[in-house]
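> pasting a predicted model and its sequence here:
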Amino acid sequence: MIDEVGQSALTAFRVARDANLVSLSLPHRIAVLSAEDIRFGVDPRNVAQLGNWRFLLYGRKAARKNSHWDISGAVTVSLDEKEKEYKVTGLERGLLVAWFEQAVRYAEARDRVRDGAYEVLLLIAPSIYVSALWLRDQKGTEDLFIVLPYTPPPFAPAEPISTEEFVQSLVASKEKLSRRGHDP
């Protein structure tokens, strides 16, 4: 799938066709949490809607063996049910992509994450302006969340938190927005 997505991305976004200059990695799904599902006692595992696949896109200026790979963006793909193939549907660039990659690197450095088995997802709760790296536990239900920067309080970016802590913060953020007259 990665080769197919890579070729589609190169074509769709007119990226340099030299495969030595572009690389896709870290395939992950985008999970969306609706405002209605942000409440105490609700586990994101049970209510988040899994959406498109997303890949981090890396690039380098030269095909030399030791040249440095930099994060260039993220490529979003969806499955075309009719044609039974993946189609590139978007290219993201900017801070959200960089913060997501930093959160993954930060998580990989934590013993708790290194010793576990996690599926990587990007969780977004657009109604309350929250984005997080979701590490979904593959051996149990001890998921971890790392909130990305510029997510409103009471979240503390960069520290892994449990599902319970994450849901409590989601609810608090939703209530705070409601008190300000914003109906999430």
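Nice, thanks for sending it over. Residues are numbered from 1 along each chain as shown.
> just to be sure, R39 is in a strand?
No. Counting by DSSP: H, G, I helix; E, B strand; the rest coil, R39 is not found in a strand; it is coil.
> so for it, what's the nearest residue that isn't a sequence neighbour?
Computed as CB to CB, 6 or more residues apart in numbering, the closest residue to R39 that is not its neighbour in sequence is V171, at 6.3 Å. Glycine gets a C-beta too; all of them are placed from N, C-alpha and C.
> over to K139?
In this structure, K139 finds its nearest non-sequential neighbour in A117, 5.2 Å apart by CB to CB, 6+ apart.
> now do the one you found against R179, distance only.
Distance of A117 to R179, given as CB to CB, to the nearest Å: 40 Å.
> tell me which of the two has more neighbours.
With neighbours defined as other CB atoms under 10 Å, A117 and R179 compare such that A117 has more, 11 against 8.
> got the contact list for the more buried one?
Counting by CB atoms under 8 Å, 6 or more residues apart in numbering, A117 touches D137, Q138, K139.
> against K174, how distant is the closest residue in space to the second one that isn't next to it in sequence?
In this case it means Q138. Using CB to CB, 6+ apart and skipping the chain neighbours, the partner closest in space to Q138 is A117 (4.2 Å). The gap separating A117 from K174 is 31 Å, by CB to CB.
> can you check T151 too?
Taking CB to CB, one finds T151 at 13 Å from K174.
> swap in H28?
Applying CB to CB to H28 and K174 gives a distance of 25 Å.
> next, the contact list for V113, please.
A107, L135, L144, P160.
> tabulate the residues you listed (JSON lines), appending pLDDT, distance to L122 and neighbour count.
Shown next, in JSON lines, are the contacts of V113 (pLDDT from 0 to 100; distance: CB to CB, whole Å; neighbours: other CB atoms under 10 Å):
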{"residue": "A107", "pLDDT": "92", "distance to L122": "13", "neighbour count": "19"}
{"residue": "L135", "pLDDT": "96", "distance to L122": "11", "neighbour count": "24"}
{"residue": "L144", "pLDDT": "95", "distance to L122": "14", "neighbour count": "23"}
{"residue": "P160", "pLDDT": "89", "distance to L122": "15", "neighbour count": "19"}
